[in-house]
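Visitor: Give me a model of this one.
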Amino acid sequence: MQRTEIIHALARTDYGAQINVKGWVRTRRGNKAVSFIALNDGSTIKNIQIVADIEKFDEELLKQVTTGACISVVGTLVESMGKGQTVEIQAQEIEVYGTADPETYPLQKKGHTLEYLREIAYLRPRTNTFGAVFRMRSQMAMAIHTYFQERGFNYFHTPLITASDCEGAGQMFQVTTMNLYDLKKNDAGEIDYSRDFFGKQTALTVSGQLEGELGALSLGKIYTFGPTFRAENSNTPRHLSEFWMIEPEMAFYDLNDNMALAQDFIQYCVRWALDKCQDDLAFLEQMYDKELTQRLRFVVENDFQRLTYTEGIEILKDAVAHGKKFEFPVDWGTDLQSEHERYLVEEHFKRPVILIDYPKEIKSFYMKQNDDGKTVRAMDVLFPHIGEIIGGSEREADYEKLKRRAEEMHVPMKDIWWYLDTRRWGSAPHSGFGLGFERLMLFVTGMQNIRDVIPFPRTPNNADF
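Guide: The predicted structure is shown next:
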């Protein structure tokens, strides 16, 4: 008999039909006459109840039906008299695929802390919480691809192994096939990378942006969506060493076009979550964040407030003058911290904010410079709960300005000569932005720690599973 996924079984009303479901046992309870088995196969957060008359089954078989065991059930679909479900299955056949020793199975019926579940990340997708989070992660990935594909963007694959440091921060994981115990050096005492696999020093990418710009300056509109890596020794609830980035780049877009796209894109993704993840959202709201749906609607229903960095600093300084206390000082030229960004969004404007025109000293070399000589056409989209969720800019299209800025910021010419060349041959105004996928996931799930929205988090001193 063909298997029916539990999400579809729960929607059926053809009572009396024979049905086959398969999944993992969440709980089993009952008495001497009947067993009630809660079964889940990952297709939905909801379990289906299996009713097994004890006398119909071998006692040794039923002993194997414990929390965590994997079983197949053939039975009759019947209307349920129990609360919270419309259908259940009267079991006629039960086959045990895999047992789970109740003494050693790590996921018992009791509640587990998120910290404990990180230690058994290979099992945590079986819990209600992580089943919900990872189903939503899948839906959000689908939303991203659907949004860009429907608007004529080309999905562009940028390299994971690169010789250039896009952000100029130097926090990169090196890639090498050399014997680290016997590194050959040249006459100057430097490591001789000519012997390495690529013949030069290479690393895992921190961003696909530079190569993405090349795609936009040929194909018009592109987006990337893939893993990126940062060797930043940050043990915070907001940082990962391996995470996923979405980076659209668009030819002939100025900063205003870029802001409009960013707002439309992020509202589309949040609306997708509200429309397609209702059961999982309801669970996460009940268990973790009572204001989750309200906050998602807040983003969808409000236009984003646009203002300059300078205006934002004045608002923050005025707040301090009227008694507001921040942990970090506020002054023109300093990078805003999450507490400053959240004040602007949650307390001052009470809506999402797009800050533009940042001081050039705190932004990357590739951002287009304004005529004032002090600021660049950067933009950050700020959200309630998490602060910055998108960072982007209009890119510098002038060859001499870009070259001079790269030199000022000590970006090695040998690594970006090809990037500069795009400004020599048919340069065009263009813009783009980056969205950290896990930051988006934090927002739409209401989870507090970024380690809990990616299946296998990579952080300092942690590369398990």
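Visitor: CA atoms for contacts and neighbours, from now on please.
Guide: Noted.
Visitor: the helices in the stretch 51-200 of the chain, which residues?
Guide: Using DSSP state H, counting those that start in this stretch, the helices assigned to the stretch 51-200 of the chain run over residues 59-63, 114-119, 128-150.
Visitor: where does the stretch 151-300 of the chain have low pLDDT?
Guide: 165-170 (pLDDT under 70).
Visitor: mind running it again at 90?
Guide: Counting by pLDDT under 90, the ranges of the stretch 151-300 of the chain that qualify are 163-171, 182-190, 194-195, 200-201, 232-239.
Visitor: one step back: with respect to residue 12, which of the helices of the stretch 51-200 of the chain lies nearest?
Guide: Closest to residue 12 of the helices of the stretch 51-200 of the chain is helix 128-150 (Cα to Cα; 21.7 Å).
Visitor: which parts of that closest one are buried?
Guide: Neighbour-count burial for helix 128-150, counted by 16 or more other Cα atoms under 10 Å, picks out 128-137, 139-140, 143-145, 147-148.
Visitor: and if you look at stretch 310-327?
Guide: By neighbour count on 16+ other Cα under 10 Å, the buried set for stretch 310-327 is 310, 312-313, 316-317.
Visitor: likewise stretch 252-265?
Guide: Quick answer for stretch 252-265 (16+ other Cα under 10 Å): 253-255, 258-259, 261-263, 265.
Visitor: hang on, the earlier thing: would you turn the buried residues of stretch 310-327 into a markdown table with pLDDT, distance to residue 192 and secondary structure?
Guide: Output for the buried residues of stretch 310-327, formatted as a markdown table (pLDDT from 0 to 100; distance: Cα to Cα, whole Å; DSSP: H, G, I helix; E, B strand; the rest coil):
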| residue | pLDDT | distance to residue 192 | secondary structure |
| --- | --- | --- | --- |
| 310 | 97 | 47 | helix |
| 312 | 98 | 48 | helix |
| 313 | 98 | 48 | helix |
| 316 | 97 | 50 | helix |
| 317 | 97 | 51 | helix |
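Visitor: Among those, which one sits closest to residue 111?
Guide: Each of those was scored against residue 111 by Cα to Cα, and residue 316 proved nearest at 41.8 Å.
Visitor: Tell me, how many residues neighbour residue 284?
Guide: Using other Cα atoms under 10 Å as the criterion, residue 284 is surrounded by 23 other residues.
Visitor: Leaving out sequence neighbours, find the closest residue to it.
Guide: In this structure, residue 284 finds its nearest non-sequential neighbour in residue 445, 6.6 Å apart by Cα to Cα, 6 or more residues apart in numbering.
Visitor: One more: residue 370?
Guide: residue 376 is the one closest to residue 370 (Cα to Cα, 6+ apart), at 5.2 Å.
Visitor: Phi first, then psi, for residue 200.
Guide: The phi/psi pair for residue 200 (degrees, to the nearest 10) reads phi -160, psi 170.
Visitor: isn't residue 465 right next to residue 118, touching?
Guide: No: with contact defined as Cα atoms under 8 Å, residue 465 does not count as touching residue 118 (10.5 Å).
Visitor: the more surrounded of these two?
Guide: Each of residue 465 and residue 118 has its neighbours counted (other Cα under 10 Å); residue 118 has more, 17 against 11.
Visitor: quick one: the residue nearest to residue 370 is in a helix?
Guide: No: Residue 376 sits outside any helix when classified using DSSP: H, G, I helix; E, B strand; the rest coil, being strand.
Visitor: Show me where the stretch 251-400 of the chain has its helices.
Guide: Under DSSP H, counting those that start in this stretch, the stretch 251-400 of the chain gives helices at 255-276, 278-287, 292-301, 309-321, 338-342, 399-408.
Visitor: got CSV for the ones you listed, with distance to residue 352 too?
Guide: Listed next are those as CSV, based on distance: least, Cα to Cα, whole Å:
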stretch, distance to residue 352
helix 255-276, 9
helix 278-287, 21
helix 292-301, 7
helix 309-321, 13
helix 338-342, 9
helix 399-408, 31
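Visitor: Indicate which one of those helices is closest to residue 203.
Guide: Across the helices of the stretch 251-400 of the chain, residue 203 has its closest neighbour in helix 399-408 (19.8 Å, Cα to Cα).
Visitor: average pLDDT for the closest one?
Guide: Average pLDDT, helix 399-408: 94.
Visitor: One more: stretch 451-458?
Guide: 96.
Visitor: Over to it now: how far is its first residue from its last?
Guide: 8 Å (Cα to Cα, to the nearest Å).
Visitor: ok, and what's touching it?
Guide: For stretch 451-458, the external contacting residues (Cα atoms under 8 Å, 6 or more residues apart in numbering) are 114, 118, 121-122, 125, 130, 133-134, 137, 237, 240-242, 438, 441-442, 447, 463-465.
Visitor: so how far is it off the chain centroid?
Guide: Distance of stretch 451-458 from the chain centroid (Cα atoms, centre = their mean, to the nearest Å) equals 9 Å.
Visitor: Residues touching stretch 58-71, excluding its own?
Guide: By Cα under 8 Å, 6+ apart, the list of residues contacting stretch 58-71 from outside reads 22-28, 94-102, 105, 107-109.
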